[in-house]
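In: predicted model, plus sequence, below.
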Amino acid sequence: MANKIFVDACLGKETPYTPVWMMRQAGRYLPEYKLVRAEAGNFLNLCHDPKKAAEVTIQPLDIVGVDAAILFSDILVIPDEMGMDLGFFTGEGPKFSDPLKSQADLDRLTKGKEAASKLTYVYDTIKLLRTQLDERGDNIALIGFTGAPWTLATYMIEGQGTKTYNICKKMMYSNPELLHNILHEVTQVVKYYMEKQIESGIDVVQIFDSWAAAIEIDMYDEFSWKYMVEIADYLKSKYPNVPIIMFPKGIPAFYDKVYGNFDVFGVDWASPMALAKEKLGDKYVLQGNMEPCRLYSQEMTTASVENIHKVMGAKRHIFNLGHGILPDVPVENAKHFVSECHRVSGKK
Ligand code: CP3
């Protein structure tokens, strides 16, 4: 069997065209997704049901024609299985009923391998997907993922999404030791979690640091990046051939300081691709970075795809959005994005 084009692209090898996938590609813009979620009852039930989770993972391959599948799950299943009682409420997003306030709160959580071994439904979904993808015979890669320790910690400390991050920043500046203890414990769970995802059959790892930009740039390494690098180092020491994608959103001011043993750097939509290429392009393959709201207009999508391709050329690039696709994007426009990425990069 030929190598998977997406894996080759992650490793910087030449590919016949530039592969494309979309962050949050399995989701609410697809009527077929909403149907399966309704059958499951709610979002978390869907994450807990390997058969249904596998079904929605595959949907964007058939419907929009992307070149990689991303495991259907959520970053917040990690703190949930550490004992934090996750709930999703329509229109409000995720919530933890009892956010972490003290060392005693952290001490009560399940940690390390024990926490990672509770995520059996994720590993079962991956095993099922491995079989289903291999049966298709189209060499589609499967991406597994985790949240970065910092992004996970923001939810564990605030109890929900936040605009100001005031509760975790209060901890950062007045009790950094506690924040580091939390980040350290989450890092250990994530290492084993990603190891088990790899053992279950994923081809590529992506680490989402969606809330990187909340940290002042001089402190970004200390409170986030070094923990992401610790995870990458651990995985690379055991699985050197499994590509790792780092996606820290919104930190172009850190590009001069980026270090670590990983393969692909995910560029968000607000950071210029040309800057990323100049600072990081020799060392890492770049992924990204169309502004996801361009998907509301096919014309604006085409213009952006052409621009990005002009900057990146045919090498060391993976097309993606610069953050997740939104639920009210027309499916036709998502298909248009994918086919334009293929057209400009010469897919036959
Ligand atoms: O990319 C994919 O298609 C795979 C599935 C995936 C989901 N969440 C499914 C989901 C992935 C990779 C994630 C990652 C995730 N989850 C991140 C990092 C990526 C990013 O977008 O920045 C974050 C921060 C979360 C936390 C989270 N999950 C929030 C804040 C919300 C609510 C906001 C929203 O989009 O509704 C979720 C819920 C969620 N995760 C949904 C999906 C499809 C929507 C739930 C639903 O179907 O009602």
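Out: Arrived safely, thanks for sending.
In: switch to C-alpha atoms for all contacts and neighbour counts from now on
Out: Will do.
In: secondary structure class for Gly87?
Out: Under the three-state scheme (DSSP: H, G, I helix; E, B strand; the rest coil), Gly87 adopts strand.
In: begin at 2 from now on, thanks
Out: Okay, residue one is now 2; in that scheme the one you just asked about reads as Gly88.
In: separation between it and Ser298?
Out: Gly88 is 34 Å from Ser298, where distance means C-alpha to C-alpha, to the nearest Å.
In: what is the neighbour count of Ala39?
Out: Using other C-alpha atoms under 10 Å, Ala39 has 12 other residues around it.
In: ugh, wrong one, I meant Ala105
Out: Neighbours of Ala105 using other C-alpha under 10 Å come to 9.
In: excluding its backbone neighbours, what's nearest the residue of the stretch 152-301 of the chain found nearest the ligand?
Out: Residue nearest to the ligand within the stretch 152-301 of the chain: Ser211 (4.4 Å; C-alpha to the nearest ligand atom). In space, and not counting its chain neighbours, Ser211 is closest to Lys250: 5.1 Å by C-alpha to C-alpha, 6 or more residues apart in numbering.
In: if I look at that neighbour, what pLDDT would I see?
Out: For Lys250, the pLDDT comes out at 98.
In: quick check: closest non-adjacent residue to the residue of the chain found nearest the ligand.
Out: The minimum distance from the chain to the ligand, using C-alpha to the nearest ligand atom, falls at Arg25 (2.9 Å). Nearest-residue entry for Arg25: Gly325, 4.9 Å, with adjacent residues in sequence omitted and distances by C-alpha to C-alpha, 6+ apart.
In: does the one you found belong to a helix, a strand or coil?
Out: coil.
In: what's in contact with the longest helix seen in the chain?
Out: Assignment by DSSP state H gives helix 177-201 as the longest helix of the chain. For helix 177-201, the external contacting residues (C-alpha atoms under 8 Å, 6 or more residues apart in numbering) are 79, 103-104, 107, 112-114, 116-118, 120, 123-125, 127-128, 145-147, 150-151, 153-154, 169, 172-173, 206, 224, 228-229, 231-232, 235-236.
In: name every strand pairing with the helix or strand just after that helix and say which way it goes.
Out: Using DSSP states H and E, the helix or strand that follows helix 177-201 towards the C-terminus is strand 205-210. The sheet places strand 205-210 alongside strand 142-148 (parallel), strand 245-249 (parallel), with pairing taken from DSSP bridges.
In: residues from the stretch 152-301 of the chain in reach of the ligand?
Out: Those residues of the stretch 152-301 of the chain that sit near the ligand, judged by C-alpha under 6 Å from any ligand atom, are Phe209, Ser211.
In: show me the strands in the stretch 152-301 of the chain, by range?
Out: 205-210, 245-249, 265-267, 286-291 (DSSP state E, counting those that start in this stretch).
In: and the first one with helix 177-201, angle?
Out: By that I understand strand 205-210. 160 degrees (axes from the mean of the first three to the mean of the last three C-alpha atoms, to 10 degrees).
In: after strand 205-210, which helix or strand is next?
Out: Strand 205-210 is succeeded, C-terminally, by helix 221 (DSSP H and E).
In: centre of the chain to that following helix, how far?
Out: In this view, helix 221 has its centroid 19 Å away from the chain centroid, taken as C-alpha atoms, centre = their mean, to the nearest Å.
In: neighbouring contacts of it?
Out: Residues contacting helix 221 (C-alpha under 8 Å, 6+ apart): Ala213, Phe255.
In: any idea of the mean pLDDT in that helix?
Out: For helix 221, the per-residue pLDDT averages 98.
In: same check, this time on stretch 121-136
Out: 97.
In: what do you get for stretch 292-300?
Out: Across stretch 292-300, pLDDT averages out at 98.
In: can you list the buried residues in it?
Out: Glu292, Pro293, Cys294, Arg295, Leu296, Tyr297, Gln299 (16 or more other C-alpha atoms under 10 Å).
In: quick one, what contacts the fourth one?
Out: Read it as Arg295. Counted by C-alpha under 8 Å, 6+ apart, Arg295 has contacts Met301, Thr302, Ser305.
In: count residues in the vicinity of Pro20, would you?
Out: Count around Pro20 with other C-alpha under 10 Å applied: 25.
In: that one and Asp9 touch, don't they?
Out: No - taking C-alpha atoms under 8 Å as the definition, Pro20 is not a contact partner of Asp9, at 9.8 Å.
In: shaky segments in the chain?
Out: 2-3 (pLDDT under 70).
In: so which residue is dead centre in it?
Out: Phe209 (4.2 Å; C-alpha atoms, centre = their mean).
In: now it: how far from Pro51?
Out: Taken as C-alpha to C-alpha, the span from Phe209 to Pro51 is 22 Å.
In: cool, Tyr235 as well?
Out: Taking C-alpha to C-alpha, one finds Tyr235 at 27 Å from Pro51.
In: more neighbours: the two, which one.
Out: More crowded of Tyr235 and Pro51, by other C-alpha under 10 Å: Pro51, with 22 against 17.
In: my guess is the more buried one contacts Leu120. True?
Out: No - counting by C-alpha under 8 Å, Pro51 stays clear of Leu120, with 11.4 Å between them.
In: can I get the strands of the stretch 152-301 of the chain in TSV including distance to Arg137?
Out: Below are those laid out as TSV (distance: least, C-alpha to C-alpha, whole Å):
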stretch	distance to Arg137
strand 205-210	19
strand 245-249	24
strand 265-267	26
strand 286-291	26
